[in-house]
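Trainee: kindly return the folded structure for what I paste below:
(2 chains)
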Amino acid sequence: MPNEAAPPTLRSKRSLTLRFNIPITKTARFWDDLREGKLVTTKCEDCGKLSFPPQADCPNCSSANSTWVDLGTEAELLTFTYVQITPTSFVDHDPYVVGIGRLKNGLSVLAWMEGADHTKLKPGAKLRLEARKDSEGGPYYVFVAAP
Amino acid sequence: MRNVAIVGIGHSKFGRRTDVDLAELAFESIKGAMEDSGAEKKEIHNVTLGSAGGWYEESLPAVLVNEYAGFEDVGTMRVEAACASGSAAVRSAYLSVASGESEVAMAVGVEKMTEVDTLTSVELMGRSGSYLWEFENYGMTFPAYYALYAVAHMNRFGTTEEDMARVAVKAHHYAAMNPLAQFQKEITLEKALSSQVVSWPLKLYDACPITDGSAAVVLASEEAARRLTDTPIWIKGMGFSSDSANLSKRADFVGLRATVDASRKAYSTAKIAPKDVDVATCHDCFTIAELMAYEDLGFCAKGDGAKLIREGQTEVGGRIPVNVDGGLKAKGHPIGATGVSMMVEISKQLRGEAGGNRQASIKNGIGLVHNVGGTGHYCYVTVLSRSK
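Mentor: This next block holds a predicted model:
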């Protein structure tokens, strides 16, 4: 019966490590600009639909005519959480606060909230989106409290 | 479309089942459902398996399970709709019978989640969204996604951590009466509130456990059902819907749009209203999810979920008993098995076989299964009835 003395199991000898080569050809500009400290996204030239995350094909009218525009950096906090139990691949990180912020153009972004204290945060807080690089030079973006 | 009934139900013990492998675990439910239905193995034309997979060693679970159970030449597939894979399997088998393709079909849900370590399970579930934009740099977890909803709901409607803890206390109360549930002990409000923070404001007792388990149902056409059973439970309506992969694309975080849409479709097909439902299983992977489900399914007005649990309206004897089998929270949540387990529970309730203090009072003969995949990424709502 379950939950009593642990029954025998056979531990597999074959381990499996997965790392993915994720194609970013169609959104390379986003990562290139982010590395330079700039935040951009895509806008459909035919119907004007803005997208974040950036995407080459318009989800509204299916046009492939997209152009790059500034994403903007001023945001308002919609919601947040403090991730205390982190996944295996984040075990070397301290716990982090994640928030979703809405930008002036109506797009929302999910990102870490650098320097945030979750016990003092409230939805509605004013935020700024900023570019960062990790220890290996990989670009990412964070929210910080707006001054 | 033809009428389709559930004519057989099977359910394994849920928990940390290191005593069985995937096929052995699935077979516990298959055997139970076959025996309950009285159907012959050769009558089963279609076996659909719901299983999310990734945490067990097998890549082709459907054929492996069929081989173990001795099903030969059956049409089969594994379906995935995250935590709603079980409902997706039932839907597939249902359509096979409803369309006239099969007279008798089976849906099986199975998950074996404890073969990898807990944090690897946390990792695999955290990747259930839009990987590159939510996980790669930001390490989202399944509790973290629902915590985003909890914070927004608390902020908008004044829902409290205590309100959420009440859902956990109710779940453990009923699980303690359900021998198949993972947890067999009651908990106090204080214990729930003082448990470790997983992703604030959600704590350990706000979260469903990591579970191994299986469940199965045999579905039959009206003609086959009349031959096989005196207590058919009819599938009166199934609604399904979905929402964005990336949470940041959603308009707000106080309810699941997929639930609202799927339930509207199910009520409309079954020609019923929320008030007609005698008993329900709601997808309470986290306590906040149950409170939002009350609202999104129309059991109360938006924002009144906490009021419903405070008043005890979702207990046996209340206006609409919910998850009186212990729910995902305390019965356990073997991802692919959960939707089928819910069908089994509501069938038991409508047959009057839930037993003891778990049996809800059945007035209209109508029960509801609400099964969410991911963080409202998928939703399946099924209306079951004693009459066709």
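Trainee: interface residues of chain A facing chain B?
Mentor: For chain A, the residues in contact with chain B under the definition Cβ under 8 Å from any Cβ of the partner chain are A:1-3, A:6-7, A:9, A:12, A:22, A:52-53, A:78-91, A:93, A:96, A:98, A:100, A:108-112, A:118, A:122-123, A:134, A:138, A:140. To be clear about C-beta, it is placed using only N, CA and C from the backbone, and glycine gets the same treatment.
Trainee: helices along chain A, start to end?
Mentor: A:28-35 (DSSP state H).
Trainee: what's the single longest strand in it?
Mentor: The strand spanning the most residues in chain A, taking DSSP state E as the definition, is strand A:74-83.
Trainee: so what's residue 111 bridging to?
Mentor: No chain was given, so I picked chain A. residue A:99 (DSSP bridges).
Trainee: my question was about chain B, not that one.
Mentor: In this structure, residue B:111 has the following beta-bridge partners (DSSP bridges): residue B:213.
Trainee: follow-up on the earlier one: buried only: go through the residues of chain A next to chain B for me.
Mentor: With burial judged by 16 or more other Cβ atoms under 10 Å in any protein chain shown, the buried subset of those is A:2, A:52-53, A:78-88, A:90, A:96, A:98, A:100, A:108-112, A:118, A:123.
Trainee: and the gap between residue B:62 and chain A?
Mentor: Taking Cβ to the nearest Cβ, to the nearest Å as the measure, residue B:62 and chain A are separated by 21 Å.
Trainee: that's a helix at that residue, yeah?
Mentor: Yes - read with DSSP: H, G, I helix; E, B strand; the rest coil, residue B:62 is one of the residues of a helix.
Trainee: ok, it - contacts?
Mentor: With contact taken as Cβ atoms under 8 Å, 6 or more residues apart in numbering or on different chains, residue B:62 is in contact with B:47, B:48, B:49, B:51, B:76, B:77, B:78.
Trainee: just the closest of these to residue B:116, please.
Mentor: Within the contacts of residue B:62, distances to residue B:116 taken as Cβ to Cβ reach their minimum at residue B:51, with 14.8 Å.
Trainee: got a list of what that closest one touches?
Mentor: If a contact means Cβ under 8 Å, 6+ apart, then residue B:51 has B:61, B:62, B:78, B:80, B:85, B:109, B:110, B:111, B:335, B:336, B:337 as its contacts.
Trainee: can you get me a residue count around the residue lying closest to it once chain neighbours are set aside?
Mentor: If you skip the residues right next to it in sequence, residue B:51 has residue B:336 as its closest partner in space, 3.6 Å away by Cβ to Cβ, 6 or more residues apart in numbering or on different chains. Using other Cβ atoms under 10 Å in any protein chain shown as the criterion, residue B:336 is surrounded by 34 other residues.
Trainee: quick one: residue B:336 is in a strand?
Mentor: No - judged by three-state DSSP, residue B:336 forms no part of a strand; its state is helix.
Trainee: my guess is it meets residue B:107, correct?
Mentor: No - using Cβ atoms under 8 Å, residue B:336 makes no contact with residue B:107, being 10.6 Å away.
Trainee: got any residues that touch both of those two?
Mentor: Taking Cβ under 8 Å, 6+ apart as the contact criterion, the common neighbours of residue B:336 and residue B:107 are B:49, B:50, B:86, B:89.
Trainee: and the strands in the stretch 251-388 of chain B?
Mentor: Using DSSP state E, counting those that start in this stretch, the strands of the stretch 251-388 of chain B run over B:279-281, B:366-373, B:378-385.
Trainee: relative to the whole chain's centre, how far out is the second one?
Mentor: Relative to its chain's centre, strand B:366-373 lies at 7 Å (Cα atoms, centre = their mean, to the nearest Å).
Trainee: and chain A, what are its domains?
Mentor: As given by automatic domain parsing, the domain ranges for chain A are A:22-71, A:73-147.
Trainee: can I get those domains in CSV including distance to residue B:38?
Mentor: Formatted as CSV, the domains of chain A follow (distance: least, Cβ to Cβ, whole Å):
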stretch, distance to residue B:38
domain A:22-71, 50
domain A:73-147, 46
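Trainee: point out the most buried one among these.
Mentor: When these are scored by mean count of other Cβ atoms under 10 Å in any protein chain shown, the highest mean neighbour count falls to domain A:73-147 (a mean of 17).
Trainee: first-to-last residue distance for that domain?
Mentor: Length of domain A:73-147, first residue to last, Cα to Cα, to the nearest Å: 13 Å.
Trainee: that domain - what's its average pLDDT?
Mentor: With pLDDT averaged residue by residue, domain A:73-147 scores 96.
Trainee: before we move on, the earlier item: for the longest strand of chain A, packing partners?
Mentor: Counting by 3 or more Cβ pairs under 8 Å, 6 or more residues apart in numbering or on different chains; DSSP states H and E, the packing neighbours recorded for strand A:74-83 are strand A:96-103, strand A:108-113, strand A:126-133, helix B:142-157, strand B:197-200.
Trainee: now distance to residue B:164 too, for these, in JSON lines please.
Mentor: Converted to JSON lines, those look like this (distance: least, Cβ to Cβ, whole Å):
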{"stretch": "strand A:96-103", "distance to residue B:164": "19"}
{"stretch": "strand A:108-113", "distance to residue B:164": "22"}
{"stretch": "strand A:126-133", "distance to residue B:164": "26"}
{"stretch": "helix B:142-157", "distance to residue B:164": "7"}
{"stretch": "strand B:197-200", "distance to residue B:164": "12"}
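Trainee: quick one: closest of these to residue B:252.
Mentor: Across the helices and strands packed on strand A:74-83 (criterion: Cβ to Cβ), the nearest stretch is helix B:142-157, sitting at 6.8 Å.
Trainee: count residues in the vicinity of residue 15, would you?
Mentor: If you meant another chain, say so; for now it's chain A. Applying the criterion other Cβ under 10 Å, we find 5 residues in the vicinity of residue A:15.
Trainee: could you do chain B instead?
Mentor: Around residue B:15 there are 23 other residues, counting by other Cβ under 10 Å.
Trainee: my guess is it meets residue B:184, correct?
Mentor: No - using Cβ under 8 Å, residue B:15 and residue B:184 do not qualify as a contacting pair, with a distance of 9.3 Å.
Trainee: show me what contacts the spatially closest residue to residue A:47 that is not a sequence neighbour?
Mentor: Among residues not flanking residue A:47 along the chain, residue A:61 sits closest, at 4.3 Å (Cβ to Cβ, 6+ apart). The neighbours of residue A:61, taking Cβ under 8 Å, 6+ apart as the test, are A:44, A:46, A:47, A:49.
Trainee: again with residue A:138
Mentor: Applying Cβ under 8 Å, 6+ apart to residue A:138 gives the contacts residue B:137.
Trainee: if I look at it, how far off is residue B:27?
Mentor: Here residue A:138 is placed at a distance of 46 Å from residue B:27 (Cβ to Cβ, to the nearest Å).
Trainee: how about residue A:66?
Mentor: The gap separating residue A:66 from residue B:27 is 52 Å, by Cβ to Cβ.
Trainee: any weak-confidence spans in the stretch 151-300 of chain B?
Mentor: For the stretch 151-300 of chain B, no stretch is flagged by pLDDT under 70.
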